[in-house]
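Novice: please work out how this folds:
(chains A and B)
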Amino acid sequence: MWRRFGDVAFGSLIGVAITLEAVPLAVLTWRLARRAADELAVPELQATLVGTVASTALGLVLVTGYVLAYQVVSEGRERWLRERREAWVARWIRIMFRGEPPPPGPLDRPAAEALLEVREVLRGTEGEEVAQLVRRYGLAEALRRRAGAGSVSQRLEALEGLARARLPETLPDVVALMGDPEPALRVAAARTAGRILAETPPGPVREEGAEAFARALQRHRLPAGVVEEALLLVEDAAPSVVAHLLHGPDATEAGIRAGLEAVGRFKLLGSLEEAASFVGHRDPEVRAAALRALARMAYVPPDAQGAVLEAIRDPVGFVRVNACRAARLLRPEEALPALWERLGDPSWWVRRAAAEAMARMGEAGAAQLRLAAREHPDRYGRDMAAQALRDAGLGEAA
Amino acid sequence: MATVLVIEDEWVLGQVLEQVLGTAGHDVVMARTLAAARERLRAGGVDLVLLDVNLPDGSGLEFLQELRGELGVRVPVLVLSGMKQEDSVVRGLELGADDYVTKPFSPRELLARIGRWTRG
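Specialist: Numbers count the residues shown, from 1 in each chain, chains lettered A, B, ... in the order given. Take a look at the predicted model:
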């Protein structure tokens, strides 16, 4: 991070140093060739050699000197900026909490960064007061402009500023940047949009924003991890975003998966029935995500119980694993026979999930697991049952 | 008014908390690391702890366990964290936290929560 500025000067200097080395080397090569053809006297060749060495040394001295000087200047500049920023943070805090009058605009960079840093940690009434200061000094507008044009690093910095400011009116611009050709900007824009949505109060603006955000997440095919992270950032706006991800006109499988993950992680009870409706989806990863959501929420709606039982025999292994985990929430008389069967599954992971589910199903599950440890027809099933009993502290099979 | 030990390493957040709590009439003691917090708690006189989850020399939640166990601290502890997910909140409360405040925070809400634990 020490080369945050001075890139042009450094590039030019390297160009000069290489020229200082390359040109004398070319001359030397030419003269050596002439000497080899006996057209050149030895003293002239020696002079060229000394000139080449001196030129190379000068190039090295220039580069080393620049790097050392840059380090010193850069550290001093960083320290100065940090101290100025800290002084401004203290001043903004006095303005906020002690009624000191705000300074006249425009703000220089340390003052603007400090204001955004204070905004980043506050919400509620005081947070809104800082947001008003951000608007008053035109910072949002400037950040919006910088996020839309310029170098990638400047645009990323502007997006970070917008994420700190969290002003609802900037959401449409940020959502539009989720479709930028530069991948790093798309990711940063998704995170920023998530943080702005989290701060947008409930109402039509948030609903519109949630819909546009969900549509952009699906349309621009962001990586699944980024989508899930962005959904974690939206906080209270998650139900609206998830509803659009699951049932919007542009719903994609990746978007549905991310939505189902959010349903489970946030325990969105209002979306429980919708999540359950995806247990029979054609895409195995969607089926697994729906089962995982039910398991996380520790409830399977009555209408979905048949689908969960069916999923225990799914042809795809990781779906069976998640189905076993969700099956512990069903009535023991229905779930235990299916889980018993899965103790003989060819996959270690499914056997393990089945045994763990049984161990968590109270006395009925423990009794069945003890029986399985002794009498299950599959020897791997017996071993897994015995292991799960030990791990759960339920004693030995006998 | 109470003596509040704020265990927080983020400089800006620490400054804001100090100002918010100080303006409300509380005595504020800042600790940027768990080591400094341990020392301050041994000295006594703290009425409430405001604890960040991620600190440079360890996890705030593990420190919470230590507070309630080894150090035998019984004063109210409010956990301050950026994580709003139910699991994180539940984990903090299970480990002995009395309340949970998420970042970014509302000063009014924070003061109301602190007031609840320091009244009487």
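
Novice: so for the host helix or strand of A:Leu389, mean pLDDT?
Specialist: Using DSSP states H and E, A:Leu389 sits within helix A:379-391. Mean pLDDT, helix A:379-391: 94.

Novice: where does the chain dip in pLDDT?
Specialist: Because you didn't say which chain, this covers chain A. For chain A, the stretches flagged by pLDDT under 70 are A:1-5, A:396-398.

Novice: other chain: chain B
Specialist: B:83-88, B:120.

Novice: need the residue closest to the centroid of it.
Specialist: Geometric centre of chain B, nearest residue: B:Leu50, 1.1 Å, by CA atoms, centre = their mean.

Novice: could you find the closest non-adjacent residue to that one?
Specialist: Nearest residue to B:Leu50, sequence neighbours excluded (CB to CB, 6 or more residues apart in numbering or on different chains): B:Val6, at 4.7 Å. Where C-beta positions appear, they are placed from N, C-alpha and C, glycine not excepted.

Novice: same for the helix or strand containing that neighbour, what does it pack against?
Specialist: B:Val6 is part of strand B:3-7 when elements are defined by DSSP H and E. Here strand B:3-7 touches helix B:11-23, strand B:27-31, helix B:34-43, strand B:48-52, going by 3 or more CB pairs under 8 Å, 6 or more residues apart in numbering or on different chains; DSSP states H and E.

Novice: SS state for A:Leu222?
Specialist: Secondary structure, DSSP: H, G, I helix; E, B strand; the rest coil: A:Leu222 is coil.

Novice: what sits against it?
Specialist: Residues near A:Leu222 by CB atoms under 8 Å, 6 or more residues apart in numbering or on different chains: A:178, A:186-187, A:190, A:230.

Novice: pull the most distant pair out of these.
Specialist: A:Arg186 and A:Ala230 (10.7 Å; CB to CB).

Novice: what's the closest non-adjacent residue to residue 58?
Specialist: Picking chain A for this. A:Leu58 sits nearest to A:Leu20 (CB to CB, 6+ apart), 5.8 Å away.

Novice: hmm, no, I was thinking of chain B.
Specialist: Nearest one to B:Gly58, counting by CB to CB, 6+ apart, is B:Leu34 at 5.0 Å.

Novice: tell me how far that neighbour lies from chain A.
Specialist: B:Leu34 sits 21 Å away from chain A, going by CB to the nearest CB, to the nearest Å.

Novice: residues near that residue, how many?
Specialist: 22 (other CB atoms under 10 Å in any protein chain shown).

Novice: and the residue nearest to A:Leu58, that one's in a helix?
Specialist: Yes - checked against three-state DSSP, A:Leu20 lies within a helix.

Novice: I'd guessed it sits against A:Gly59; true?
Specialist: Yes - between A:Leu20 and A:Gly59 there is a contact at 3.9 Å, judged by CB atoms under 8 Å.

Novice: the nearest residue to A:Leu245 once chain neighbours are set aside sits in which helix or strand?
Specialist: Distances taken as CB to CB, 6+ apart place A:Gly259 nearest to A:Leu245, at 3.4 Å, with adjacent residues excluded. Element membership for A:Gly259 (DSSP H and E) is helix A:253-266.

Novice: could you measure from the residue lying closest to B:Leu95 once chain neighbours are set aside over to B:Pro104?
Specialist: Nearest residue to B:Leu95, sequence neighbours excluded (CB to CB, 6+ apart): B:Leu64, at 4.8 Å. Using CB to CB, to the nearest Å, B:Leu64 is found at 22 Å from B:Pro104.

Novice: who has more neighbours out of the two?
Specialist: Using other CB under 10 Å as the criterion, B:Leu64 and B:Pro104 rank with B:Leu64 on top: 23 against 20.

Novice: I'd like to know how far the more buried one sits from B:Lys103.
Specialist: B:Leu64 is 17 Å from B:Lys103, by CB to CB.

Novice: quick one: name the residues of chain B near chain A.
Specialist: Counting by CB under 8 Å from any CB of the partner chain, chain B comes close to chain A at B:10-13, B:15-16, B:19-20, B:23, B:84-87, B:103-109.

Novice: in chain B, which residue sits closest to chain A?
Specialist: Here chain B gets closest to chain A at one residue, B:Ser106, 2.7 Å apart by CB to the nearest CB.

Novice: how many neighbours does the residue nearest to that residue when sequence neighbours are not counted have?
Specialist: Counting by CB to CB, 6+ apart, B:Ser106 lies nearest to A:Gly124, which is 2.7 Å off, once chain neighbours are set aside. Here the number of neighbours of A:Gly124 (other CB under 10 Å) works out to 14.

Novice: so what's A:Gly124 up against?
Specialist: B:105-109.

Novice: just checking, the residue nearest to A:Leu245 touches A:Val242?
Specialist: Yes - contact criterion CB under 8 Å: A:Gly259 and A:Val242 qualify, at 4.5 Å.
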